[in-house]
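1. Coordinates for the following, if possible.
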Amino acid sequence: MTQVIALSAESRARAGKGTARQARRDGRVPAVIYGGKQAPVMISLEALAFNKILHQPGFFTHLFDVTVDGATERVLPRDVQFHPVTDVPLHVDFLRVSKDTTISVMVPCEFVDQDQSPGLKRGGVLNIVRHEVEVTCAADNIPEHITISCAGFDVNDSIHISSVTLPEGVRPAITDRDFTVATIAAPSGLKSEAAEAAEG
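-> Model (predicted):
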């Protein structure tokens, strides 16, 4: 189950570039909470506190309880707009969620059991095709990461999503093909031996 982080916010009276610029001058980050068949809520976040959270791993897979004017909304970050030069966050979009909300989200991959891969033991290289996998799941059931076992895979093998054990209630967003997550590439030594054998 995904981590829920408390976040305090202030309401913004209205939308628009002028009020957003003023919020940034005041050391705050403009944001909006939308979705859930309710009207959007314009808010602003304290910039220093938000930046600390933003740069922690898994920002887009964590739920937030945002409290504004005494009311708390459970939300999921969907987008952050950054300044093209300074990389300072300019605006944040939060989606309202509930236990019934089903979402698609990118989840980082974690590769384990590398010592149990014959190919890696022979000097093969783990070539990660997808560092993240898009999955569909309930909003309160977002995994922190997708664990992918390398056990049993040899040189030139591919690890497909069908061989990955996903948490209960989590399924790949891509359903029309058995896509590759990683491959075990041959080390240069094995490649040269294969080339010599082919020539011989």
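2. Extract the C-alpha trace of the helix or strand encompassing Val80 and format it as PDB.
-> Using DSSP states H and E, Val80 falls within strand 71-82. Output of strand 71-82 as PDB, limited to C-alpha atoms (Å, rounded to 0.1, in the frame of the first residue of the first chain):
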ATOM      1  CA  ALA A  71     -10.700  20.300   5.200                       C
ATOM      2  CA  THR A  72      -8.500  17.400   4.100                       C
ATOM      3  CA  GLU A  73      -8.500  16.000   0.600                       C
ATOM      4  CA  ARG A  74      -6.700  12.700  -0.400                       C
ATOM      5  CA  VAL A  75      -4.900  13.400  -3.600                       C
ATOM      6  CA  LEU A  76      -2.300  11.900  -6.000                       C
ATOM      7  CA  PRO A  77       0.200  14.200  -7.800                       C
ATOM      8  CA  ARG A  78      -0.300  14.000 -11.600                       C
ATOM      9  CA  ASP A  79       1.900  16.800 -13.000                       C
ATOM     10  CA  VAL A  80       4.500  19.300 -11.900                       C
ATOM     11  CA  GLN A  81       5.500  22.200 -14.200                       C
ATOM     12  CA  PHE A  82       9.100  23.400 -13.800                       C
END
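3. Go ahead and name everything in contact with it.
-> Applying C-beta atoms under 8 Å, 6 or more residues apart in numbering, the set of residues contacting strand 71-82 from outside is 4, 33, 41, 54, 59-60, 62-66, 88-98, 103, 105, 139, 142. Heads up, the C-betas are built off the backbone N, CA and C, glycines and all.
4. Give me the buried subset of those residues.
-> Buried residues within the contacts of strand 71-82, defined by neighbour count using 16 or more other C-beta atoms under 10 Å: 33, 41, 54, 60, 62-64, 66, 89-97, 103, 105, 139, 142.
5. Next up, the contacts around Arg12.
-> Going by C-beta under 8 Å, 6+ apart, the list of residues near Arg12 reads 19, 23, 30, 42-44.
6. Next, give me the two most distant ones among these.
-> Thr19 and Ile43 (11.5 Å; C-beta to C-beta).
7. Overlap of the contact sets of the two?
-> Common neighbours of Thr19 and Ile43 (criterion: C-beta under 8 Å, 6+ apart): 12, 30.
8. out of these two, which sits in the more crowded spot?
-> Ile43 (25 against 15; other C-beta atoms under 10 Å).
9. The helix or strand where the more buried one lies packs against which elements?
-> Ile43 belongs to strand 41-46 when assigned by DSSP H and E. On a contact count with 3 or more C-beta pairs under 8 Å, 6 or more residues apart in numbering; DSSP states H and E, strand 41-46 meets strand 10-11, strand 28-34, strand 63-68.
10. which of the ones you listed has the lowest average pLDDT?
-> Mean pLDDT is lowest for strand 10-11 among the helices and strands packed on strand 41-46, at a mean of 90.
11. need the next SSE after it, C-terminal direction.
-> helix 17-25.
12. how far out from the middle of the chain is that following helix?
-> Chain-centre distance of helix 17-25: 29 Å, with C-alpha atoms, centre = their mean, to the nearest Å.
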